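**Student:** just a sequence and a predicted model for now, questions to come.
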Amino acid sequence: MSAAPLSVAVIGAGMAGRTHANAWRQAGTVYELGLPPVRLATIADAHLPFAEDAAAHYGYEKAVGDWREVAEDPSIDVVSIVVGNALHREIAEAMADAGKHVLCEKPLAGTLEDAAAMAALQEAHPELVLATGYTFRRNAGIAMLAKLAAEGDLGTPSHLDAHYWADYGADPNTPIAWRYKGPMGSGALGDVGSHMVDSAELVMGPIAEVSGAQLVTTITERPVMTGAVSGGRGVTADADAPREAVENDDVATFTARFASGAAGTFSCSRVAFGLPNDKTLTVLGTGGSARWELHRGGEIQLADASSPAGRGGLRQVLVNPEFPYYANGSSMAFAGVGLTQVEQFTYQAHAFLQQVAGITEGALPPCASFADGYRQMRILAAVAESAARHGAAVAID
Ligand SMILES: NC(=O)c1ccc[n+]([C@@H]2O[C@H](COP(=O)([O-])OP(=O)(O)OC[C@H]3O[C@@H](n4cnc5c(N)ncnc54)[C@H](O)[C@@H]3O)[C@@H](O)[C@H]2O)c1
């Protein structure tokens, strides 16, 4: 392992870009020492004031208004791509061609075709780490559900129920932005649904088939706002502003069959009034049941063989150092301290840097690859196909 610093750049200084910027800064503070030092080099955003503000907040050397400056900078080793999905492919290709390791946000691309091209990049650049940002793979509670299911603590898992309901689009005056553009299936399904499906596979193994899908667009047009819009949350346009058509789904529901034979039921929404960030996974098995909820991130709920007879029901189990990721993942790693979504990004950044540095001893599980991101997009496309074919079953290859 080289002790030379790894120089990092973040492209996109919106909601998630700032979280990446923070994660690279924190990555070396968790788990064992041994990562090479990280140089916080550049933040790029098409709206330069966003880049400047993020660079100032998170201690990066430079802010630029054009991501091409990052591609052309020979000192940069590692790049986070954290912009709207339709931009991922062009930027990822340029970064890989410039010899940079890439951590690209989910969903991998704006279209299935773009995702296929991005997956092909790994073959052309075997020396690079090209990863998709499925941050919930680093959530201690979800990882615990996966461990319980895999180790037989829940008997045979027969059913997973998952939802990811958000309200960022519930207000019809929330302005049109990149999230509302693209093919059916790239809306709520591609945005929050992609996390939901990835977490489901982490717990239950691969999905073999989806069926019964419905995609619904409830708010069919939104106001156009001039100027830069980041995140979209809490931003409201005037009611008389001009409007543009929403192209993709506000709500998606479907069922699935896992390769194990277990059933899956899923729903996601971006127009769920009053529910800002409600992601929940429940696994029902022949010998136990377990549930994880994002807004109760410091715990799981569990009923298993250790539940006393006559006192059934889910009981609270606090995240503690026996959970995956938690020991050494926090400077206060004991039960009751809790965990947030932000730490997932730090753990992900740590794992990514381990991969880049070639650290295998004590390594965290590797990040999802571009091929994993492409497979995810095939599942989302199958859901969209099922909806277009009135709920027909669509197999996942
Ligand atoms: N892993 C997660 O938990 C998570 C959470 C939120 C978003 N995301 C993903 O992160 C990505 C960005 O989402 P967001 O919510 O941060 O979006 P956002 O709209 O808040 O921010 C996007 C930023 O990109 C900038 N931008 C637009 N065009 C650009 C260009 N050509 N070059 C450079 N910058 C440009 C915008 O000015 C804006 O600041 C998406 O792929 C999204 O799916 C992931």
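**Tutor:** Yep, that arrived.

**Student:** residue ranges with poor pLDDT in the stretch 151-300 of the chain?
**Tutor:** Filtered on pLDDT under 70, the stretch 151-300 of the chain yields the residue ranges 227-235.

**Student:** mind checking how far the closest residue to the ligand within the chain is from residue 20?
**Tutor:** The chain approaches the ligand most closely through residue 14 (1.9 Å), counting by C-beta to the nearest ligand atom. C-beta coordinates here come from the backbone N, C-alpha and C atoms, glycine included. To residue 20, residue 14 is 10 Å away according to C-beta to C-beta, to the nearest Å.

**Student:** same question for residue 270.
**Tutor:** 22 Å.

**Student:** that older thread, overlap in contacts, residue 14 and residue 20.
**Tutor:** Between them, residue 14 and residue 20 share these contacting residues under C-beta atoms under 8 Å, 6 or more residues apart in numbering: residue 82.

**Student:** more crowded one of these two?
**Tutor:** The neighbour count for residue 14 versus residue 20, taken as other C-beta atoms under 10 Å, is higher for residue 20 (30 against 21).

**Student:** check contacts around the more buried one.
**Tutor:** 10, 80, 82, 103, 345, 349.

**Student:** just flag the most distant two among these.
**Tutor:** Farthest-apart pair in those is 82 and 349; separation 12.1 Å (C-beta to C-beta).

**Student:** give me the more crowded residue out of the two.
**Tutor:** The neighbour comparison of residue 82 against residue 349 (other C-beta under 10 Å) goes to residue 349, with 30 against 27.

**Student:** touching, that one and residue 28? I think so.
**Tutor:** No: contact criterion C-beta atoms under 8 Å: residue 349 and residue 28 do not qualify, at 9.1 Å.

**Student:** endpoints of stretch 363-371, how far apart?
**Tutor:** Length of stretch 363-371, first residue to last, C-alpha to C-alpha, to the nearest Å: 21 Å.

**Student:** what about that stretch, near the ligand?
**Tutor:** No: under the criterion of C-beta under 6 Å from any ligand atom, stretch 363-371 makes no contact with the ligand; the nearest approach is 10.8 Å.

**Student:** residues of that stretch that come out buried?
**Tutor:** The neighbour-count check on stretch 363-371 (16 or more other C-beta atoms under 10 Å) flags 363-364, 367-371 as buried.

**Student:** would stretch 256-272 count as contacting the ligand?
**Tutor:** No: using C-beta under 6 Å from any ligand atom, stretch 256-272 never reaches the ligand; the gap is at least 11.7 Å.

**Student:** just the ones of the contacts of residue 20 in strands?
**Tutor:** 10, 80, 103 (DSSP state E).

**Student:** buried subset of those, written for PyMOL?
**Tutor:** Of these, the buried ones can be selected in PyMOL as follows, counting by 16+ other C-beta under 10 Å:
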select buried, resi 10+80+103
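
**Student:** quick check on the residue nearest to the spatial centre of the chain: phi, psi?
**Tutor:** Among the residues of the chain, the one closest to the centroid is residue 134, at 3.7 Å (C-alpha atoms, centre = their mean). Note on residue 134: its backbone torsions stand at phi -80, psi 80 [degrees, to the nearest 10].

**Student:** dump the residue contacts of it.
**Tutor:** By C-beta under 8 Å, 6+ apart, the neighbours of residue 134 are 106, 194-195, 198, 367-368, 372-373, 376.

**Student:** which element, helix or strand, includes residue 161?
**Tutor:** strand 157-165 (DSSP states H and E).

**Student:** next one: residue 291
**Tutor:** Following DSSP H and E, one finds residue 291 within strand 288-293.

**Student:** report the buried residues of that strand.
**Tutor:** Quick answer for strand 288-293 (16+ other C-beta under 10 Å): 288-292.

**Student:** residues in this structure within reach of the ligand, list them.
**Tutor:** Checking the chain against the ligand by C-beta under 6 Å from any ligand atom, the hits are 11-17, 44-47, 50, 67, 82-85, 87, 105-106, 133, 135, 191, 228, 230-231.

**Student:** any of the residues you listed buried? List them.
**Tutor:** Among these, those classed as buried by neighbour count (16+ other C-beta under 10 Å) are 11-14, 16-17, 44-45, 50, 67, 82-83, 85, 87, 105-106, 133, 135, 191, 230.

**Student:** report the contact partners of the residue sitting furthest away from the middle of the chain.
**Tutor:** Within the chain, the residue lying farthest from the chain centre (C-alpha atoms, centre = their mean) is residue 310, at 39.6 Å. Neighbour list for residue 310: empty [criterion: C-beta under 8 Å, 6+ apart].

**Student:** can you show me the helices along the stretch 51-200 of the chain?
**Tutor:** 68-71, 88-97, 112-124, 140-150, 188, 194-204 (DSSP state H, counting those that start in this stretch).

**Student:** so which of those is the most surrounded?
**Tutor:** Among those, ranked by average contacts under mean count of other C-beta atoms under 10 Å, first place goes to helix 188 (a mean of 30).
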